[in-house]
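Sequence and computational prediction follow.
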Amino acid sequence: GAGVSQSPSNKVTEKGKDVELRCDPISGHTALYWYRQSLGQGLEFLIYFQGNSAPDKSGLPSDRFSAERTGGSVSTLTIQRTQQEDSAVYLCASSPGHANTEAFFGQGTRLTVV
Amino acid sequence: QQQVKQSPQSLIVQKGGISIINCAYENTAFDYFPWYQQFPGKGPALLIAIRPDVSEKKEGRFTISFNKSAKQFSLHIMDSQPGDSATYFCAASKGGNQFYFGTGTSLTVIP
């Protein structure tokens, strides 16, 4: 597709379970970002991948959160032992990774931990 | 530390009025300042963007004013319409790398 694709669009999981959220960036985009957005709140930075560089993980809220980007394309955000406070919309974005270019967002994955 | 500070948190404007959202940044190395618009249930989408070598950019009813010396930039929505009701985020980036977002402004335009 032409845009950033995220799956699933909605995920309901039980507290304590692990979840995986997937992001397919726009083809050729070297930069990929994960953000978290709680209801009515702003964009909380989680992690940033740029090409083959080491990712910037400074926004991950705990060691239960991890992310990978395979082959410089698809990324997976994993949340282990989910907690109710993890409930939020998880947004992925990608960009060409050079100056004066925008980041394109996916529709997000709404995660609900019950 | 919040790299980009945005205000107000919420804004209510009458139809036909002017909506103004302000942002301030700290890092003078930022070279790209986009504004994003987000409707409920959707991801943010680029609305308009500016580089620091210009002081103003206008696209239709949307204008960015940029004050490099003050390290501030603002979004002006002229003739605001109910369809403009959304959340607006300012952002800043350097060299196409990490995007730093403001905390967002919820705009409601009353018919």
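That came through, no problem. Residues are numbered from 1 along each chain as shown, chains lettered A, B, ... in the order given.

how about residue A:107, secondary structure?
Put simply, residue A:107 is coil when judged by DSSP: H, G, I helix; E, B strand; the rest coil.

Which pLDDT value belongs to the nearest residue to it once chain neighbours are set aside?
Leaving out its chain neighbours, the residue that sits closest to residue A:107 by CB to CB, 6 or more residues apart in numbering or on different chains is residue B:43, at 5.1 Å. For the C-beta atoms, the positions are set from N, CA and C on the backbone; glycine is no exception. Predicted confidence (pLDDT) for residue B:43: 94.

Residue B:80 in helix, strand or coil?
Of the three states, residue B:80 takes coil under three-state DSSP.

So what's the residue count around it?
Applying other CB atoms under 10 Å in any protein chain shown, we find 22 residues neighbouring residue B:80.

sorry, back to before: give me the number of residues near the residue nearest to residue A:107?
There are 21 residues near residue B:43, going by other CB under 10 Å.

Quick one: end-to-end distance for stretch A:2-13.
30 Å (CA to CA, to the nearest Å).

Give the buried residues for it.
Neighbour-count burial for stretch A:2-13 flags A:4-6, A:11, A:13 (criterion: 16 or more other CB atoms under 10 Å in any protein chain shown).

for chain B, what are the nearby residues on chain A?
For chain A, the contact set with chain B under CB under 8 Å from any CB of the partner chain comprises A:4, A:31, A:33, A:35, A:40-43, A:45, A:48, A:50, A:56, A:91, A:93, A:95-108.

which residues sit in contact with residue 65?
Just going to use chain A. Residue A:65 makes contact with A:46, A:77-80 under the criterion CB atoms under 8 Å, 6 or more residues apart in numbering or on different chains.

oops, chain B please
B:55-56, B:73-74, B:76.

Give me the subset of the residues you listed lying in helices.
The helices, defined by DSSP state H, take in nothing from the contacts of residue B:65.

For the residue in chain B that chain A sits nearest to, which three-state class applies?
Here chain B gets closest to chain A at one residue, residue B:43, 3.4 Å apart by CB to the nearest CB. Under three-state DSSP, residue B:43 falls in the coil class.

The helix-or-strand element of chain A with minimal mean pLDDT packs against which elements?
Least confident helix or strand of chain A, by mean pLDDT, DSSP states H and E, is strand A:44-50 with a mean of 93. When contacts are defined as 3 or more CB pairs under 8 Å, 6 or more residues apart in numbering or on different chains; DSSP states H and E, strand A:44-50 sits against strand A:31-37, strand A:65-69, strand A:75-79.
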